[in-house]
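Peer 1: fold the following.
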Amino acid sequence: MSHSNISFFVPHLGCEHSCAFCNQNTITGASSVPDEKEIFDTCQKALNEVSDASQTEIAFFGGSFTAIDQTLMTRLLQAAQPFTGGGKFKGIRISTRPDCINEEILNLLKNYNVTAIELGAQSMSDRVLELNERGHTAKDVESSAKLVKKYGFELGLQVMVGLYGSDKCSERQTLEHVLKLKPDTARIYPTCVLEGTKLAQLYRSGEYRLMEIDEVLDICADMLGEFIKNDIKVLRIGLHASEDVEKNLVAGFYHPALGELVRTRLVRRYAEEHLSGGEKELVIYAGKSMVSAAVGHQKSNKLYFYDKGINLIVKQDNELSSEQIRIGKDVYKCI
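Peer 2: Residues are numbered from 1 along each chain as shown. From the prediction side, this is the model:
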């Protein structure tokens, strides 16, 4: 069943760190904190419009929510209360830093119907975290993740691919550590270099060099495939498309269909596992949501196999669930 959010943004509020890659105003497109009236009006309107309120959460994103002034944080949570429980929205989802979680905060969040907490892990390599001036360690991520789960919240982890100082080894390290923490959800954000950040300075000086796009897509496909196998729901791949990001983008891995590109790469990988040599034709059966990714973004999979002398045929199969593909007798989930 699909999940949706009624999202409010609190850009960079409460965060004492300025990470090398961060420009929250650009990422969220917001520059001010929502007030109680905005929260009430937006939630009231959404409650009348969403198809399934029980699968919808009120979400506070864009900043370190648990690091903002507690009076303001409580006020925002209180404004959302009339719309949670009792046949209304499922609850409240927040995002925050791993070093801004403790038992006192978790008890407060419990009292205000917070159901899910997403931690901005970004990397599980201390070297990469330090180079990008995150201000926390991989151990902080691990400790906070365990505490969030202990208190019964849904745990989400957000990771970034291709950060300053990162390589294949540290990306694999991050993936393996995240899998051990067993989050319920994940978001995968390939690095974007935004104007007004230290990363932009490092990029322009030549000190920070981007990974090749093929390498990034392979790493993201690794993550997506492993998360799916371990029942970790991937909520997002890549930044949301927005004029603010496009206007301030210096370099990096931004594409409005980045999730489709990654799923295309994952399907291609599964398809190649079925090639024994000499095939002239390959048939992929796809659930409704996977037809496009199986063909490939801008038919890239069909062209890829055509160059190998193989005719790729994609057929929609309504007996498969929407997010599945089948190659031969093997069924794969790709979303």
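Peer 1: contacts for stretch 227-237, please.
Peer 2: Residues outside stretch 227-237 that contact it (Cβ atoms under 8 Å, 6 or more residues apart in numbering): 3, 156, 179, 182-190, 220, 223-224, 258-259, 262, 333-335. Where you see a C-beta, it was placed from the backbone N, CA and C, and this is true even at glycine.
Peer 1: swap in stretch 318-329?
Peer 2: Here stretch 318-329 makes contact (Cβ under 8 Å, 6+ apart) with 267, 270-271, 274, 282-290, 294, 317, 331-335.
Peer 1: from those residues, which land in helices?
Peer 2: V267, Y270, A271, A294 (DSSP state H).
Peer 1: most neighbours, which of those residues?
Peer 2: Ranked by neighbour count (other Cβ atoms under 10 Å), these have A294 at the top, with 26 neighbours.
Peer 1: show me what secondary structure element comes after the longest helix anywhere in the chain.
Peer 2: What stands out as the longest helix in the chain, according to DSSP H, is helix 213-229. Next along the chain after helix 213-229, taking DSSP states H and E as the criterion, comes strand 233-237.
Peer 1: may I have the strands that pair with that next one, each with its orientation?
Peer 2: strand 185-190 (parallel) (DSSP bridges).
Peer 1: the partner strand vs helix 213-229, what angle?
Peer 2: 180 degrees (axes from the mean of the first three to the mean of the last three Cα atoms, to 10 degrees).
Peer 1: output the contacting helices and strands for the very next helix or strand once past strand 185-190.
Peer 2: Using DSSP H and E, the helix or strand that follows strand 185-190 towards the C-terminus is strand 192-194. Applying 3 or more Cβ pairs under 8 Å, 6 or more residues apart in numbering; DSSP states H and E, one finds that strand 192-194 contacts helix 198-205, helix 243-248, strand 249-252.
Peer 1: contacting residues around K149?
Peer 2: K149 touches L155, K182, counting by Cβ under 8 Å, 6+ apart.
Peer 1: roughly how far does it sit from G156?
Peer 2: 11 Å (Cβ to Cβ, to the nearest Å).
Peer 1: can you check T185 too?
Peer 2: Plainly put, T185 is 4 Å away from G156 if you go by Cβ to Cβ.
Peer 1: so which of these two has more stuff around it?
Peer 2: Per other Cβ under 10 Å, whichever of T185 and G156 has more neighbours is G156, with 24 against 19.
Peer 1: which strand residues bridge the more buried one?
Peer 2: Per DSSP bridges, the residues bridged to G156 are E118, T185.
Peer 1: quick one: residues contacting it.
Peer 2: G156 sits next to R93, S95, A116, I117, E118, L119, P183, D184, T185, A186, R187, L235 when contact means Cβ under 8 Å, 6+ apart.
Peer 1: list the buried residues in stretch 170-190.
Peer 2: For stretch 170-190, burial by neighbour count (16 or more other Cβ atoms under 10 Å) applies to 170-171, 173-175, 177-179, 181, 183-190.
Peer 1: and the end-to-end length of it?
Peer 2: 14 Å (Cα to Cα, to the nearest Å).
Peer 1: give me the distance between that stretch and the centre of its chain.
Peer 2: A distance of 10 Å separates the centroid of the chain from that of stretch 170-190, by Cα atoms, centre = their mean, to the nearest Å.
Peer 1: begin at 512 from here
Peer 2: I'll keep to 512 as the first residue from here, and by that count the last item is stretch 681-701.
Peer 1: which ChimeraX command selects the buried ones in the contacts of stretch 829-840?
Peer 2: To isolate the buried subset of these in ChimeraX, counting by 16+ other Cβ under 10 Å, use the following:
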select :778,781,782,793,795,796,797,798,801,805,828,843,845,846
